[in-house]
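S.K.: here's my sequence, what's the structure:
(2 chains)
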Amino acid sequence: MKILLCASKTPDTTTKINFTADKKSLDNTGVQFILNPNDDHGLAGAMDLKEKHNAQLTVIHVGDMSVEPILRRCLAIGADEAILVNTPPTDAYYVAMQIAEAVRNENFDLVICGRESIDFNGNEVGDMLGEALGIPSVAYVGGIVIDGNTATLNRFIDGGMENLKVNLPLVITATKELAEPRIANMRGIMQSRAKTIKTLEPAAIDHLTELVELEPPVKKSGVVLIDIAEAGKLMDILHEKEKLI
Amino acid sequence: MPVLVFAENIEGKFHKPAFEVLTYAADVAKMLNTTVTALTIGDAADDEISKLSKYGVAHILKASDTRLKDFNSTAYTSICKQAAEKINADVIIMSGSFNVKALAPRLSAKMKAGLITQVNDLPKTENGFVVRKSVYSGKGFGEFNIKTAVKIITININAYHITENPVQAQIEAFTPQLSDSDFPVTVLEDIRQKGKISLTEAEVVVSGGRGMKGPENWGMIEELANILGAATACSKPVADVGWRPHSEHVGQTGLAIGPNLYIAIGISGAIQHLAGVSSSKVIVVINKDPEAPFFKAADYGIVGDAFEALPKLIEAAKRIKSVQ
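M.R.: Now for the predicted structure:
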């Protein structure tokens, strides 16, 4: 079995977000970049399957070589090889099609993406990739069992979960329930140094959307504090003034 | 520029997110001076479908096929494309449901139509087709221009206010061309909690954190939620230690919600938690630490012990609800 993990690079979850003066990009000053946390759950899920089914695991990233520490960590955790498509990841369709072009002839049985990246919160690339590769995709998967050619999945639906069956090849987007992120051990870190990161040049793909501008969130005007002795008054405010209850 | 809106039903019934996107689509059509068509897929009955006409949409396409009972993103994608082509839609609008999370991107790739997800407001059309959404998990906003002739957007649940505007609706049966390969998924079981308000759809959410000290104290959270008709939620540490189910975890790696009112009790407001709730319209924070970061994001706050505040809140909520 061959598994592909799509890895996105995002600011660490605790980062304070500032934008550049031209409002076109993130101000990278002092920002620590990590593997997108949802992809990290996907990586752990991929490792579980790799160990159980003796699968081959490839990690792919669309971006530039600044991702190397993140890809090395994936290799240290146990991925067998990494691919970098050397182009800025500026539009979900563009990214999905770059991945599709890079792996079209590789016949992966299972492609795993995080359910969304925590920068642009699109939840788009995984299912676009399914369409581009002409294979099924299942979004927001919190559990997977593979038996032969069939995957049994648990996915989120509105108000609950759905248990379903689908044949491979398949794309899934992972939620945190899929698996707890792993930590690389020293042996893995040593081995990762000998593994290759293959760099590919991008294919000619259109951008379907463009960023106009980024802005910080609207600041709240300040909290109205209510004395705990009169806590009930809060409910009256929410009822009479805010008309929320 | 005709508008197509996907009105999704769950087990044959339409819910609030469908009415929100219908209202949104009717408003977009008005803005663009064009017509709007709703698309329904699957087994909703005609009298249920006719409810959609309450929200200003006069033309409804009803796609039926016995194989459509279960959700297959491939089949739904194909139907949406056929419906969009049938009415020459330039704008396709969907809700932020879990099914749409798979459907909208597939449709975007299939039609090569630009997609922006989780939009909150109406598009700006003076200079292209520009929509605004929250980015960096609520730590910023981004405006995006969709450059393709056909544009797809998904609207956050709870983001758009429903307005009733009853019209005479024409329901048109629509038989899409589908093949067996459009149905790769076999659903084994749907597990939905019956009688509970869905967290993503709830207008009011009462949420507890580590300050609640243990699962045995959640009775008060649930009581307050029951009185207010609210859903219950929790912070990540609470779900991680198993005091509450993971399905209640809101935050960066949990569910992102945008209720009208979010009441956080005993939650300090770590940046990862705020990411999941920052689109709430009004935030109330109850925490005994006056330095808790959550107060900076709150509209109303009580500094003090949750176990002292909650009985008072419950009593006041009962009083208000009893006269309603």
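S.K.: looking at chain A, which strand is longest?
M.R.: strand A:137-147 (DSSP state E).
S.K.: using CSV, write down the CA coordinates of it.
M.R.: Extracted in CSV, the C-alpha atoms of strand A:137-147 (Å, rounded to 0.1, in the frame of the first residue of the first chain):
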residue,chain,number,x,y,z
SER,A,137,-12.9,11.7,-1.2
VAL,A,138,-14.3,11.7,2.3
ALA,A,139,-14.0,14.9,4.4
TYR,A,140,-13.6,15.2,8.2
VAL,A,141,-12.5,11.7,8.9
GLY,A,142,-11.9,10.8,12.6
GLY,A,143,-11.2,7.1,12.2
ILE,A,144,-10.0,4.7,9.5
VAL,A,145,-9.6,0.9,9.3
ILE,A,146,-8.3,-0.7,6.1
ASP,A,147,-9.1,-4.3,5.2
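S.K.: buried ones in the helix or strand just after that strand?
M.R.: The helix or strand immediately downstream of strand A:137-147 is strand A:150-157, counting by DSSP states H and E. Across strand A:150-157, burial judged by 16 or more other C-beta atoms under 10 Å in any protein chain shown covers A:151, A:153-157. Placement of C-beta: from N, CA and C, glycine included.
S.K.: mind checking how far whichever helix or strand comes after strand A:150-157 is from the chain centre?
M.R.: Remark: after strand A:150-157, the chain's next helix or strand is strand A:160-167, criterion DSSP H and E. A distance of 21 Å separates the centroid of the chain from that of strand A:160-167, by C-alpha atoms, centre = their mean, to the nearest Å.
S.K.: how about stretch B:90-110?
M.R.: Distance, centroid of stretch B:90-110 to centroid of chain: 13 Å (C-alpha atoms, centre = their mean).
S.K.: for it, buried residues please.
M.R.: B:90-110.
S.K.: just those: which are in strands?
M.R.: Using DSSP E, the buried residues of stretch B:90-110 in strands are B:91-95.
S.K.: please enumerate the strands of chain A.
M.R.: Residue ranges of the strands in chain A, as given by DSSP E, are A:2-6, A:9-11, A:33-35, A:56-63, A:81-86, A:110-114, A:137-147, A:150-157, A:160-167, A:170-174, A:197-200, A:209-215, A:224-225.
S.K.: give me the domain ranges for chain B.
M.R.: B:3-182, B:204-323 (automatic domain parsing).
S.K.: now render the ones you listed as TSV, adding mean pLDDT and distance to chain A.
M.R.: Shown next, in TSV, are these (pLDDT from 0 to 100; distance: least, C-beta to the nearest C-beta, whole Å):
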stretch	mean pLDDT	distance to chain A
domain B:3-182	95	3
domain B:204-323	95	3
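S.K.: would CSV of those domains with distance to A:Ile205 be doable?
M.R.: Output for the domains of chain B, formatted as CSV (distance: least, C-beta to C-beta, whole Å):
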stretch, distance to A:Ile205
domain B:3-182, 10
domain B:204-323, 29
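S.K.: so which of the ones you listed gets nearest A:Gly143?
M.R.: domain B:204-323 (11.5 Å; C-beta to C-beta).
S.K.: and the closest one, how far apart are its ends?
M.R.: End-to-end distance of domain B:204-323 (C-alpha to C-alpha, to the nearest Å): 19 Å.
S.K.: what of stretch B:255-271?
M.R.: Using C-alpha to C-alpha, the two ends of stretch B:255-271 sit 14 Å apart.
S.K.: report the contact partners of B:Gly56.
M.R.: Applying C-beta atoms under 8 Å, 6 or more residues apart in numbering or on different chains to B:Gly56 gives the contacts B:22-23, B:26, B:36, B:163, B:165, B:167.
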